[in-house]
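A.B. asks: okay, here's the prediction I keep looking at, along with the sequence it came from:
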Amino acid sequence: MENHVPFRDRATAGHLLADRLARLELADPLVLALPRGGVPVGLEIARRLDAPLDLLMVRKIGVPWQPELAAAAVVDGGDADYVYNEDVMALAGLDPAKLQAVAERELAEIERRRKAYLAGRAPISTAGRSVILVDDGIATGASVRAALTALRRRGGKRLILAVPVAPQQTLDALRPLVDDLVCLATPEPFYAIGLHYLDFHQGGDEEVVAMLDSARLGVDTANEDVAGRT
């Protein structure tokens with residue numbers, strides 16, 4: 001789908017993705033959204049699949065004297081996972097120990113966000129589940145690659161990447177990391193994710209918290225309904 005009408009907003013994109021994902025008939029799905037933009041997309045998927053929604057937070061670890069150049073990334077979720085960019089580290093003469101101070105700052109930021117968004121709730125285990133990683137789009141894929149690498153290490157029955165829009169070249173590079181990949185549009189030229197939405201406003205922390213609470217309430221209500229029928 002190279003030429004497409006921009007999505008109205010993230011929720012609309014999530015609804016369309018959910019339609020596609022429902023066809024996969026995933027067993028015991030878990031939706032993991034990359035905040036903030038992935039949360040409204042993930043909420044629609046979680047509702048459609050009757051799945052829990054959780055966050056997966058990725059923070060770049062930059063070269064100390066050139067912070068915008070990613071030497072590694074840290075991915076949260078229980079025990080943190082580190083994903084290293086070996087080429088950058090070799091060129092910069094770095095090893096994990098030399099990145100520790102930066103890594104600790106990024107871990108502290110992840111912990112701050114988890115407390116803000118989830119009131120410190122522990123991450124949902126991926127063991128035995130169909131794990132769906134969701135964002136509102138992909139450009140270079142650096143954060144998504146780190147997230148997928150960490151999720152693969154943690155196990156899970158099936159790993160799925162679901163995004164509304166991304167360049168085909170980026171998807172081709174990420175495809176070997178997943179069992180299934182669902183993307184609605186691969187426009188060329190791509191330019192930027194926001195150009196493919198009519199409404200691409202950046203929601204605040206309060207909006208993220210409200211969406212996560214809504215998803216949790218939906219799952220709790222579904223569980224109560226099942227219990228009442230047994």
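C.D. replies: Okay, I see it.

A.B. asks: these two touch, right, Gly128 and Arg154?
C.D. replies: No: with contacts counted by CB atoms under 8 Å, Gly128 stays clear of Arg154, the gap being 11.3 Å. For the C-beta atoms, the positions are set from N, CA and C on the backbone; glycine is no exception.

A.B. asks: which one's more surrounded, the two?
C.D. replies: Arg154 (17 against 13; other CB atoms under 10 Å).

A.B. asks: show me the contacts for the residue nearest to the more buried one when sequence neighbours are not counted.
C.D. replies: What sits nearest to Arg154 in space, not counting adjacent residues and going by CB to CB, 6 or more residues apart in numbering, is Thr126, at 5.2 Å. Residues near Thr126 by CB atoms under 8 Å, 6 or more residues apart in numbering: Leu30, Leu32, Gly77, Leu151, Arg154, Gly155, Gly156.

A.B. asks: with pLDDT as added columns, please give these in TSV.
C.D. replies: TSV is the format used below for the contacts of Thr126 (pLDDT from 0 to 100):
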residue	pLDDT
Leu30	97
Leu32	97
Gly77	65
Leu151	93
Arg154	89
Gly155	86
Gly156	87
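
A.B. asks: quick one: which of those is most hemmed in?
C.D. replies: Leu32 (25 neighbours).

A.B. asks: tell me the secondary structure for that one?
C.D. replies: On the three-state scheme (DSSP: H, G, I helix; E, B strand; the rest coil), Leu32 is labelled strand.

A.B. asks: which residue packs closest to the residue most central in space within the chain, ignoring adjacent ones?
C.D. replies: Per CA atoms, centre = their mean, the C-alpha nearest to the average position across the chain is that of Leu34, at 3.2 Å. Setting aside the residues directly before and after it, Leu34 is nearest to Asp135 in space (CB to CB, 6+ apart), at 4.5 Å.
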